[in-house]
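Enquirer: return atomic coordinates for the entry below.
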Amino acid sequence: MILKIGAGCISFRFLLLLNDMRSLFRVCCAVFSSAALFFSCSLTKNIAVNSVSDMLAGGGDSDTALLALTGETDVRLVADFFPTALKLYEVLHFQNPRHVGLAVTTGSLYVMYANAFVQAEAEMLPIDRFGEQTEQFGRAKLFYLRGREYVLNALDTAYAGFAAAVRSSDADRVASAAARLKKSDVNAVYWLCAGWLGAFALDPLDPELLASSGSAVVLLERAAELDGSYNGGALWDVLAAYYAAAPAGFGGDPERAAFCQQESMRLSGGKVPGPYITYAVSFCVPAQDKAGFVDALRAALRIDPDEQPSSRLATVIAQKKAAWLLDHTDDYFIDWN
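Expert: Have a look, this model is predicted:
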């Protein structure tokens, strides 16, 4: 996934978090239960809403059952199902707005959808469909921000004043808010910042995002401090992409980028395409290292999706992007000959 910030590119590994599509499976399990909520008495309805919210926000579904979604190789099939999942979660969230887990999951689904099924498809449109691409980028930004707001509100419910502090762009207030976070908040912070920086990368001239994007980086660093191994190094992958692409005045740091990239690769064990794509786009393109670009993308494509059935779908989506980048290699490099 390529996201632009100024003259740089950011490759976020949101797709790998499609492992979290256990959320979608829970939607399927709960859809009949949720229908009953609209026909029950007030007391019963409240009990049912809380019960369903708990189930959807995090559950004990077996890996075998989850393979129906995470192990799918037909990307279009899942893409067509995703909007239904989003709206089901949203309906339940409106019924139980202070349920932190449900709000985080709803937000994460919006970020996933924006990245995997809106922005990713738009990026591969040909130049003669520029207008359509711009429209789809606008939709992706909207969904990123919607996801961000759900997760931010959830954290504000858990920590009063959190949202105002991180929106303030006041370094001391942001640092104090970050210090309140615990290891159990890392998943929420990841999705909060994924939506935040995803929207910023699509529209870096947005005044609010321009002023507040640094807060997302502070929160990601805090999350990495609390649980650096989260989801196979996903936090480090986002940080590497940001530090590599952002101008120095907005937090860009080549040395920090290189460290984060190494951590991402180490923790992922080379078993997922994301870090290779990040390296190709965020490091090799700026350095005009064509050979490194090609080698990294070929490494991403050599990964066998069947080696990790639970993330097969995420791997297939990422490899589709890697193949497209490889086919368009010459678009990213200047031939001086």
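Enquirer: quick check: buried residues in the helix or strand hosting Y144?
Expert: Using DSSP states H and E, Y144 sits within helix 130-158. Under the neighbour-count criterion of 16 or more other CB atoms under 10 Å, helix 130-158 has 133, 136-137, 140-141, 143-156, 158 buried. Where you see a C-beta, it was placed from the backbone N, CA and C, and this is true even at glycine.
Enquirer: by contact count, what packs against that helix?
Expert: Counting contacts by 3 or more CB pairs under 8 Å, 6 or more residues apart in numbering; DSSP states H and E, helix 130-158 is packed against helix 100-113, helix 120-123, helix 162-167, helix 186-202.
Enquirer: and the last one, what's its mean pLDDT?
Expert: Put plainly, it is helix 186-202. Average pLDDT, helix 186-202: 97.
Enquirer: ok so, going back, closest to A177 out of the helices and strands packed on helix 130-158?
Expert: Each of the helices and strands packed on helix 130-158 has some distance to A177 by CB to CB; the shortest is helix 162-167, at 3.9 Å.
Enquirer: name the next helix or strand following the closest one along the chain.
Expert: With DSSP H and E, the next secondary element past helix 162-167 is helix 171-179.
Enquirer: ok, and what's touching that following helix?
Expert: 159, 161-162, 165-166, 168, 214-215, 218-219, 221-222 (CB atoms under 8 Å, 6 or more residues apart in numbering).
Enquirer: please apply the same query to stretch 137-146.
Expert: With CB under 8 Å, 6+ apart as the criterion, stretch 137-146 contacts 107, 110-111, 113-115, 118-119, 122, 194-196, 198-199, 202-203.
Enquirer: what about it, average pLDDT?
Expert: 98.
Enquirer: just to revisit the earlier point, just the buried members of the contacts of helix 171-179?
Expert: Buried by 16+ other CB under 10 Å: 162, 165-166, 214-215, 218-219, 221-222, out of the contacts of helix 171-179.
Enquirer: and those, which is the shakiest by pLDDT?
Expert: G214 (94).
Enquirer: thought G249 was touching that one, still the case?
Expert: No: G214 is beyond contact range of G249, at 10.5 Å (criterion: CB atoms under 8 Å).
Enquirer: where along the stretch 1-150 of the chain do the helices fall?
Expert: Applying DSSP state H, counting those that start in this stretch to the stretch 1-150 of the chain gives helices spanning 22-36, 42-57, 63-70, 75-95, 100-113, 120-123, 130-158.
Enquirer: now the fifth one against helix 130-158, angle please.
Expert: Going by axes from the mean of the first three to the mean of the last three CA atoms, to 10 degrees, helix 100-113 is angled at 160 degrees with respect to helix 130-158.
Enquirer: adjust the sequence numbering to begin at 27 for everything that follows.
Expert: Done: numbering now begins at 27, and the last item shifts to helix 126-139.
Enquirer: now do helix 126-139: which elements does it pack against?
Expert: helix 48-62, helix 68-83, helix 101-121, helix 156-184, helix 212-228.
Enquirer: so who does E333 touch?
Expert: K297.
Enquirer: what do you get for S290?
Expert: Here S290 is in contact with 39, 259-260, 262-263, 266, 300-301, 304 (criterion: CB under 8 Å, 6+ apart).
Enquirer: inside strands: which ones of the residues you listed?
Expert: Per DSSP state E, strands hold no members of the contacts of S290.
Enquirer: any chance of those in JSON lines, with neighbour count too?
Expert: Shown next, in JSON lines, are the contacts of S290 (neighbours: other CB atoms under 10 Å):
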{"residue": "R39", "neighbour count": "29"}
{"residue": "G259", "neighbour count": "28"}
{"residue": "A260", "neighbour count": "28"}
{"residue": "W262", "neighbour count": "27"}
{"residue": "D263", "neighbour count": "30"}
{"residue": "A266", "neighbour count": "30"}
{"residue": "G300", "neighbour count": "30"}
{"residue": "P301", "neighbour count": "32"}
{"residue": "T304", "neighbour count": "30"}
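Enquirer: got JSON lines for these, with distance to A205 and pLDDT too?
Expert: Output for those, formatted as JSON lines (distance: CB to CB, whole Å; pLDDT from 0 to 100):
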{"residue": "R39", "distance to A205": "26", "pLDDT": "46"}
{"residue": "G259", "distance to A205": "23", "pLDDT": "95"}
{"residue": "A260", "distance to A205": "22", "pLDDT": "94"}
{"residue": "W262", "distance to A205": "20", "pLDDT": "98"}
{"residue": "D263", "distance to A205": "24", "pLDDT": "96"}
{"residue": "A266", "distance to A205": "24", "pLDDT": "97"}
{"residue": "G300", "distance to A205": "29", "pLDDT": "94"}
{"residue": "P301", "distance to A205": "29", "pLDDT": "96"}
{"residue": "T304", "distance to A205": "28", "pLDDT": "96"}
